[in-house]
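Visitor: coordinates only, sequence not included:
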């Protein structure tokens, strides 16, 4: 019944804000104009369409607000008036009462606000779908930002997720194509990330990990967490001073190199994804600022780490091989990778899949970002995947979302950015690191402790096996054990001989230095 009532509320909201009229008016057909006039009769729909859409998403709750945030970065897909209104969802969601925020803080720490902070600004500096942020000062004089979770968030999200699960079940049961899209698994991924975002202590841990990963890159700053003040509902962090990346003219007036900023953004993204496998997955403009301080001028400032994406070593290797093959126009290799990974049925013809991928991607190479749309490329790839029954990978949904955010951001900063040529050297270097001698040495170092534990016990385990062994191979195994012992003795002699040789060299150097002195 809860899901039914929620569905009724969503339908009522659509009618209340005239979203049905907004959709119908987007079709330039005589029948749609007549239908638009009919559905608009008796309703007050004088407010601008972008404002109505934004207010509808705000009233529907955090999941819909997040959808609006993602769409706000795609100005190539939306009219300007709608994109401008949806951009307000990034950090201008209506705040909740500051007295509620203070109550949550005092309840969390079990003491009055005046005993927690030397000063606390009751007017929130930013307000988003999940939490809002206030500036404050600690008793030791340190300036901080205090993030407070919105009250009663969990029940609201659970209602929407229950509705999404129900709809995913319908989609999956209605068609074979619905099963291929794995809607239930996609909703489960979304469920996990949303619940993670409701735990600010987890967000603080995400920020700390990203800060460690990025500290040597010198391209992005991430606030330091004040751990004594971090709890599941309240998070206190270093206060960052920067200009929101959406204020482009202000950045240009300050002398920021927009082309370099766009290239740095691509470098940061690919470093997080392919080097660390741990990436900021909510990179809309409301969460990104640019530092204008002299010591850190032009660096990114990342905020809001409630949603992060992770990739396994297998995922990273598969993706980087795909990207590298794309950059080299090697569409046959892309098709082979899809077969090797099991993402397409085993009987798929490589040449047919290769031709389909070439038709999707070839028209967009060697063009600046202003002349291509990654969204359009992905749409054509999805059409191809449907034809060849490619299975959607739920663990990559966040990566696709983040890639769309990056493209939208790059298009704003530098429309002439060549995304492919910027990313290609990074990916080629990463591939060399994965197959070179340094990688082999790292793997040997990582496995050395395990080998050190296993090798001494190997003769004993083999002897126990021989005692219990049955059949005609017992003699061969006993001979193998003898050879193993002989090898161990030889290794011991070599080690002792090597140590003696080294000690002899040291002694000789010591004697020579004494004589020279």
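Guide: Noted; the coordinates are in hand. Note that this is a predicted model, so its numbers are computed, not measured. Numbers count the residues shown, from 1 in each chain.

Visitor: Every contact and neighbour count from this point should use C-alpha atoms.
Guide: Noted.

Visitor: Next, count neighbours for the closest residue to residue 304 other than its chain neighbours.
Guide: Using CA to CA, 6 or more residues apart in numbering and skipping residues adjacent in sequence, the residue nearest residue 304 is residue 287, 6.0 Å away. Number of residues near residue 287 (other CA atoms under 10 Å) recorded here: 17.

Visitor: you'd agree residue 287 is up against residue 300?
Guide: No - Residue 287 lies out of contact with residue 300 (CA atoms under 8 Å); the separation is 10.3 Å.

Visitor: For the stretch 51-200 of the chain, give me the ranges with low pLDDT.
Guide: 66-67, 69-78, 90-92, 167, 170-183, 186, 189-190, 193 (pLDDT under 70).

Visitor: So residue 96 versus residue 412, what's the distance?
Guide: Separation of residue 96 from residue 412 (CA to CA, to the nearest Å): 31 Å.

Visitor: Which one's more surrounded, the two?
Guide: Per other CA under 10 Å, whichever of residue 96 and residue 412 has more neighbours is residue 412, with 21 against 14.

Visitor: secondary structure element for that one?
Guide: Residue 412 is part of helix 397-413 when elements are defined by DSSP states H and E.

Visitor: other SSEs contacting that helix?
Guide: Judged by 3 or more CA pairs under 8 Å, 6 or more residues apart in numbering; DSSP states H and E, the packing partners of helix 397-413 are helix 258-270, helix 374-387.

Visitor: so for the longest one, what's the average pLDDT?
Guide: Just to be clear, that refers to helix 374-387. For helix 374-387, mean pLDDT is 61.

Visitor: can you pull the buried residues of the one helix or strand residue 359 maps to?
Guide: Using DSSP H and E, residue 359 sits within helix 350-361. For helix 350-361, the buried set under the neighbour-count rule, 16 or more other CA atoms under 10 Å, comprises 350, 353, 354, 356, 357, 358, 360, 361.

Visitor: Just the mean pLDDT for it, thanks.
Guide: 84.

Visitor: packing partners for that helix?
Guide: helix 331-341, helix 374-387.

Visitor: Taking helix 350-361 as reference, get the angle to the first one.
Guide: On the basis of axes from the mean of the first three to the mean of the last three CA atoms, to 10 degrees, helix 331-341 is oriented at 120 degrees to helix 350-361.

Visitor: Show me the contact partners of helix 331-341.
Guide: Residues from elsewhere that reach helix 331-341, judged by CA atoms under 8 Å, 6 or more residues apart in numbering: 318, 322, 325-326, 344-346, 348, 350-351, 353-355, 357-358.

Visitor: Would you mind listing the buried residues in it?
Guide: Those would be 331, 332, 333, 334, 335, 336, 337, 338, 339, for helix 331-341 by 16+ other CA under 10 Å.

Visitor: Distance-wise, check the second one relative to residue 388.
Guide: Remark: distance between residue 332 and residue 388 (CA to CA) = 15 Å.

Visitor: now do the third one
Guide: Using CA to CA, we find residue 333 at a distance of 16 Å from residue 388.

Visitor: Could you report the neighbour count for residue 404?
Guide: Using other CA under 10 Å, residue 404 has 22 neighbouring residues.

Visitor: go on, residue 278?
Guide: For residue 278, the count of nearby residues is 20 (other CA under 10 Å).

Visitor: contacting residues for residue 301?
Guide: Shown in contact with residue 301 (CA under 8 Å, 6+ apart): 220, 221, 222, 240, 242, 288, 289, 290, 291.

Visitor: and if we set it to 7 Å?
Guide: Taking CA atoms under 7 Å, 6 or more residues apart in numbering, we find residue 301 in contact with 220, 221, 222, 288, 289, 290, 291.

Visitor: quick one, the helix holding residue 412 and helix 258-270 angle?
Guide: 170 degrees.

Visitor: Buried residues, helix 397-413. List them.
Guide: By neighbour count on 16+ other CA under 10 Å, the buried set for helix 397-413 is 398-399, 402-413.

Visitor: ok, of these, which one's closest to residue 282?
Guide: Of all the buried residues of helix 397-413, residue 282 sits closest to residue 402, with 6.7 Å by CA to CA.

Visitor: any idea whether residue 325 is helix, strand or coil?
Guide: Here residue 325 is recorded as helix under DSSP: H, G, I helix; E, B strand; the rest coil.

Visitor: Can we start the residue count at 55 from this point?
Guide: That works, and once the first residue is 55, the last one we named lands at residue 379.

Visitor: That one and residue 386, how far apart?
Guide: Residue 379 sits 9 Å away from residue 386, going by CA to CA.

Visitor: Then residue 190?
Guide: In terms of CA to CA, residue 190 sits 57 Å off from residue 386.

Visitor: And for residue 165?
Guide: For residue 165, the distance to residue 386 - CA to CA - is 65 Å.

Visitor: With residue 461 instead?
Guide: Distance from residue 461 to residue 386, by CA to CA: 26 Å.

Visitor: same deal with residue 312?
Guide: As for residue 312, its distance to residue 386 is 36 Å (criterion: CA to CA).

Visitor: what packs against the helix or strand hosting residue 217?
Guide: Element membership of residue 217 [criterion: DSSP H and E] is helix 207-228. Under the contact definition 3 or more CA pairs under 7 Å, 6 or more residues apart in numbering; DSSP states H and E, helix 207-228 sits against helix 56-70, helix 230-234, helix 237-251.

Visitor: Show me what counts as buried in that helix.
Guide: For helix 207-228, the buried set under the neighbour-count rule, 16+ other CA under 10 Å, comprises 207, 211, 214, 215, 216, 217, 218, 219, 222, 223, 225, 226.

Visitor: That one to helix 56-70, inter-axis angle?
Guide: 90 degrees.

Visitor: tell me the mean pLDDT for stretch 540-557?
Guide: On average, stretch 540-557 scores 70.

Visitor: cool, and stretch 452-470?
Guide: Mean pLDDT, stretch 452-470: 75.

Visitor: Next, find the distance separating the nearest residue to residue 254 once chain neighbours are set aside from residue 411.
Guide: Closest residue to residue 254 apart from its sequence neighbours, by CA to CA, 6+ apart: residue 286 at 4.6 Å. Going from residue 286 to residue 411 by CA to CA gives 45 Å.

Visitor: Ok, residue 188 next?
Guide: Taking CA to CA, one finds residue 188 at 49 Å from residue 411.

Visitor: So for residue 512, what's the pLDDT?
Guide: 68.

Visitor: Which residue ranges of the stretch 255-404 of the chain form strands?
Guide: Taking DSSP state E, counting those that start in this stretch as the test, the strands found in the stretch 255-404 of the chain are 274-275, 288-292, 297-298, 332-334, 342-344, 354-356, 362-364.

Visitor: what's the least confident stretch among those?
Guide: strand 362-364 (a mean of 84).

Visitor: Run through the neighbouring helices and strands of that one.
Guide: So strand 362-364, by 3+ CA pairs under 7 Å, 6+ apart, packs with strand 332-334.
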